[in-house]
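No sequence on hand, only this structure:
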């Protein structure tokens, strides 16, 4: 292996292909779970690659333990608005006793729903395996190879088995960071254009709480923190602390850190040095804030930190540029889209220096916006869809639609759209969107069309006037070992 200046020149190598699938999903968070299940249930051979040994994304790896965005405040009434595959996951959690009833959050203005992290891991495993998805854990996306200028041929992965390639006909990037899309040359944005990203947090769980004495400590703890700061006794990482009881009331989840670099900027989730610094800084903040909580909060005298999340909770990195970028004005104005694939009812939740800024739609409004199909269709790559927090959104729009609920909706739409594109032999941007909407509705998803405002009968108005490049059908290849190939007719 030769060296040149400060670079190491690797010799050329032949990378083994360990599988060939119709649909390849990178990332196993809410978007990836829904995308994989939807594609496999359509009869497509589907593989999902996840870097950890479990599914759930930030909801497990970052210790989030709460679904945000499943509900909306619709003209003063709290309603669940994300359905379809998300419903099935909730039902599995409920059967295992791992799901709390929805609770009010963010100043009692919207509902969220807590769950047991271990139960979520198991429920997600069962959901994907029963759908026919091949799961490869401990597989870290490392690059890609193209077969044409605008088409991906294979995803490259690294694992304990070494470097390998997985070929696919259609790819869905649910990595959260838009890794595959960026490697393939899709345009993207980071932050607000002035170098500012949403600040990440390190989550932790507290055990040993006396629930009777703690009472409504989720209200008193932020007040106690604010009072200590006003007296000049303490300085905390941020305002807007969230401390909530979990399924077992002796256990509470804490979301009250803010991880910044020494220069005050947000730690970047796609920078090795910053992530390494941020993990250490996050654990330091957890310990300091917990010591304060234990010292001043009734019911927490004998409490202890039972777990600090395995990784930093990243809120924003790359946002892939698609055919439509969802914006803050769309969120606050409860925007409608003819090519809707689901809805989002979560407010703008901007994690800015030292605080969390919230912006809700006007009181008494419909309380949710529709999500356009165009936001999951990236520019520059023809056999790729992007779902989750790295989909096409502005910085402020992503402050809202990055949460679990809309990610489930985007993922289910992406998996279903992948089947339609492959069946028609066209790029995802050229599918019949009305047919996609019919398929999603039949599968239990809610697209946000109110009575008297049905989905369009034709997709022509919702499909961008852009190249309708076909996805070529490659030569017939042997079936991958262990892949779930099914002969079910395409609906």
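Perfect, thanks for sending it. Quick caveat, the model's predicted, so the values are computed rather than measured.

who touches stretch 130-139?
Here stretch 130-139 makes contact (C-beta atoms under 8 Å, 6 or more residues apart in numbering) with 19, 21, 25, 28, 36-37, 39-41, 45-55, 125, 128-129, 157-160, 480, 482-484, 486. Placement of C-beta: from N, CA and C, glycine included.

What about those, which are in strands?
Counting by DSSP state E, the contacts of stretch 130-139 place 19, 21, 25, 46-49, 157-159 in strands.

Looking at neighbours, which among those is most surrounded?
residue 25 (40 neighbours; other C-beta atoms under 10 Å).

wouldn't it be in contact with residue 38 here?
No - the pair residue 25 and residue 38 does not pass the contact test of C-beta atoms under 8 Å, sitting 9.9 Å apart.

shared neighbours of those two, anything?
With C-beta under 8 Å, 6+ apart as the test, residue 25 and residue 38 both reach residue 415.

where does residue 48 land on pLDDT?
Residue 48 carries a pLDDT score of 98 in this model.

follow-up on the earlier one: farthest pair in the ones in strands among the contacts of stretch 130-139?
In the ones in strands among the contacts of stretch 130-139, two members sit farther apart than any others by C-beta to C-beta. They are 46 and 158, at 21.2 Å.

doesn't residue 402 make contact with residue 316?
Yes - Residue 316 lies in contact with residue 402 (C-beta under 8 Å); the separation is 6.9 Å.

Please identify every residue contacting each of these two.
residue 389.

Go through stretch 326-335 and flag the buried ones.
By neighbour count, with 16 or more other C-beta atoms under 10 Å as the criterion, the buried positions of stretch 326-335 are 326-328, 330-332, 334-335.

And those residues, which is closest to residue 430?
Distance to residue 430, by C-beta to C-beta, is smallest for residue 326 among the buried residues of stretch 326-335, at 21.1 Å.

quick one, what contacts that closest one?
369, 371-372, 375, 391-394, 397-398, 401.

if I look at it, how far off is residue 397?
Applying C-beta to C-beta, to the nearest Å, the value for residue 326 to residue 397 is 4 Å.

What is the end-to-end distance of stretch 236-244?
Start and end residues of stretch 236-244 are separated by 18 Å (C-alpha to C-alpha, to the nearest Å).

to the chain's geometric centre, what's the distance from stretch 390-399?
Centre-to-centre, stretch 390-399 and its host chain are 12 Å apart (C-alpha atoms, centre = their mean, to the nearest Å).

residues in contact with residue 450?
Applying C-beta under 8 Å, 6+ apart to residue 450 gives the contacts residue 366.

got the phi/psi numbers for it?
In terms of degrees, to the nearest 10, the main-chain angles of residue 450 are phi -80, psi 160.

any idea how far residue 62 is from it?
To residue 62, residue 450 is 35 Å away according to C-beta to C-beta.

Just put the contacts of residue 326 in CSV and tack on distance to residue 143 and neighbour count.
Formatted as CSV, these follow (distance: C-beta to C-beta, whole Å; neighbours: other C-beta atoms under 10 Å):
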residue, distance to residue 143, neighbour count
369, 35, 29
371, 30, 28
372, 30, 25
375, 25, 28
391, 21, 34
392, 23, 27
393, 25, 29
394, 28, 18
397, 29, 24
398, 25, 27
401, 28, 26
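
which residues of the stretch 251-400 of the chain fall in strands?
252-255, 304-308, 318-320, 340-344, 348-352, 355-359, 369-372, 384-386 (DSSP state E, counting those that start in this stretch).

Find me the pLDDT at residue 467, would you?
You'll see residue 467 listed with a pLDDT of 37.

hey, which strand is longest across the protein?
strand 162-173.

on contacts alone, who are the packing partners of that one?
Judged by 3 or more C-beta pairs under 8 Å, 6 or more residues apart in numbering; DSSP states H and E, the packing partners of strand 162-173 are strand 17-26, helix 30-41, strand 46-49, strand 151-159, helix 179-183, strand 384-386, helix 404-424.

Can you tell me which of the ones you listed is nearest to residue 309?
Of all these, helix 404-424 sits nearest to residue 309, with 15.6 Å by C-beta to C-beta.

ok, and for the helix or strand just after that closest one, which residues are buried?
Moving toward the C-terminus from helix 404-424, the next helix or strand (DSSP states H and E) is helix 433-442. For helix 433-442, a neighbour-count test (16+ other C-beta under 10 Å) marks 433-437, 439-440 as buried.

With pLDDT as added columns, please give the residues you listed in JSON lines.
JSON lines is the format used below for the buried residues of helix 433-442 (pLDDT from 0 to 100):
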{"residue": "433", "pLDDT": "98"}
{"residue": "434", "pLDDT": "98"}
{"residue": "435", "pLDDT": "98"}
{"residue": "436", "pLDDT": "98"}
{"residue": "437", "pLDDT": "98"}
{"residue": "439", "pLDDT": "98"}
{"residue": "440", "pLDDT": "98"}
